[in-house]
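# Okay, sequence plus prediction incoming.
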Amino acid sequence: MMVVGITGPTGAGKSIVCRLLGEWERISVIDCDQVSRQVVRRGQRCLLDLAVEFSSAIVDKDGELNRRKLASIVFADRRKLKRMESIIYPYILASILHTLAKREKAGDRAVFLDAPTLYQSGADILCQRVVAVLAPPEDRLRRIMERDGLTADEAKARMACQPGDDFFEKRVDHVIRNTGRMPGLRLDVLELQNKLGL
C-alpha cells in the first residue's frame, strides 16, 4: 500500500485535492486535522496534557477543548506553538498508524495523508511520496476567513506561523498549484495519479 503525504500551507486547497483523490477505488484519505480534533476530545489524555501545560482555561464548561482560546495563546507566541505541537503530534501519529494498519488490512491501494504539518509532526517518515498544494496568499487568506470564521488579522496570524512556499517546494516530490479553477485542478490531480501509478 502506498502512503502519500498531501501538505502545504493552510487555505491552499489540500482538502479539495484529497476529495478528488478519494473518488478513486481503493484509495483512502486520512484528514489529519480531523485526527487532531479527535485526540483532544473530552476525556482524552492529550487534552489533559494540554490543560496541564496551558491552564484549565483552554477547557470549556462541557469539558471540551476551547480551540479559539488555545489558538489565541499559541499563535501569539512561537515557543508556545512549538510546545503545543510537541504535546499533540505523538497522539496524532499513533492514531494515523492505527488507521493505516486498518486500511492496509482492508486492501487499499493507497492512502493519502491530508496533513498541513506533515514535516513538523514527523509524519513524512510514513510516506513514500509527498505532494504540496500551494496557492497565492490572497486566495489563502480569503479561504481561511470564510472557512474558519476568522478576522483578517486572526487569519494572517495563522498564516505567519506557517512556512512559506519555499519550505514545501524544496522537500516534496510533486507540487500542485491551486488557482481556484476546478477543471484545472482536476486535471492536475489526474496527472498526479498517473505519476504515482494509481
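Structure's in. What do you need? Numbers count the residues shown, from 1 in each chain.

# Give the helix, strand or coil label for R42.
Taking DSSP: H, G, I helix; E, B strand; the rest coil as the rule, one finds R42 in the coil state.

# Also P116?
Applying three-state DSSP: P116 is coil.

# Who does the residue lying closest to D165 once chain neighbours are set aside form a beta bridge with?
Nearest in space to D165, with sequence neighbours left out and distances taken as Cβ to Cβ, 6 or more residues apart in numbering, is L134 at 5.2 Å. Just so you know, the C-beta spots here come from the backbone N, C-alpha and C atoms, and that holds for glycine as well. Beta-bridge pairing for L134 (DSSP bridges): R177.

# wait, what's in contact with L134?
Counting by Cβ atoms under 8 Å, 6 or more residues apart in numbering, L134 makes contact with 8-9, 12, 165, 168-169, 175-178.

# Of the residues you listed, which is the nearest to M2?
I176 (17.1 Å; Cβ to Cβ).

# Run a quick neighbour tally on that closest one.
The number of residues packed near I176 is 23, by other Cβ atoms under 10 Å.

# cool, the one 10 residues further on as well?
For R186, the number of neighbouring residues by other Cβ under 10 Å comes to 14.

# Buried residues, the helix or strand containing it. List them.
Counting by DSSP states H and E, the element that carries R186 is helix 182-196. Neighbour-count burial for helix 182-196, counted by 16 or more other Cβ atoms under 10 Å, picks out 185, 188-189, 192, 196.

# next one: stretch 50-60
Here stretch 50-60 shows 50-51, 54, 58-59 as buried, counting by 16+ other Cβ under 10 Å.

# Columns secondary structure on top of those residues, output as CSV?
Putting those into CSV (three-state DSSP) gives the following:
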residue, secondary structure
L50, helix
A51, helix
F54, helix
I58, helix
V59, strand
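
# one step back: now list the buried members of the contacts of L134.
8-9, 12, 165, 168, 176, 178.

# Which members of the residues you listed occur in strands, if any?
Taking DSSP state E, the ones among the buried ones among the contacts of L134 that sit in strands are I176.

# Mind putting the buried ones among the contacts of L134 into TSV with distance to R41 and pLDDT?
What follows is the buried ones among the contacts of L134, written out as TSV (distance: Cβ to Cβ, whole Å; pLDDT from 0 to 100):
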residue	distance to R41	pLDDT
G8	26	94
P9	26	91
A12	27	91
D165	33	92
F168	30	94
I176	32	95
N178	31	91
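
# So for the residue sitting furthest away from the middle of the chain, what pLDDT did the model give?
What lies farthest from the middle of the chain is K61; by Cα atoms, centre = their mean that is 27.5 Å. For K61, the pLDDT comes out at 93.
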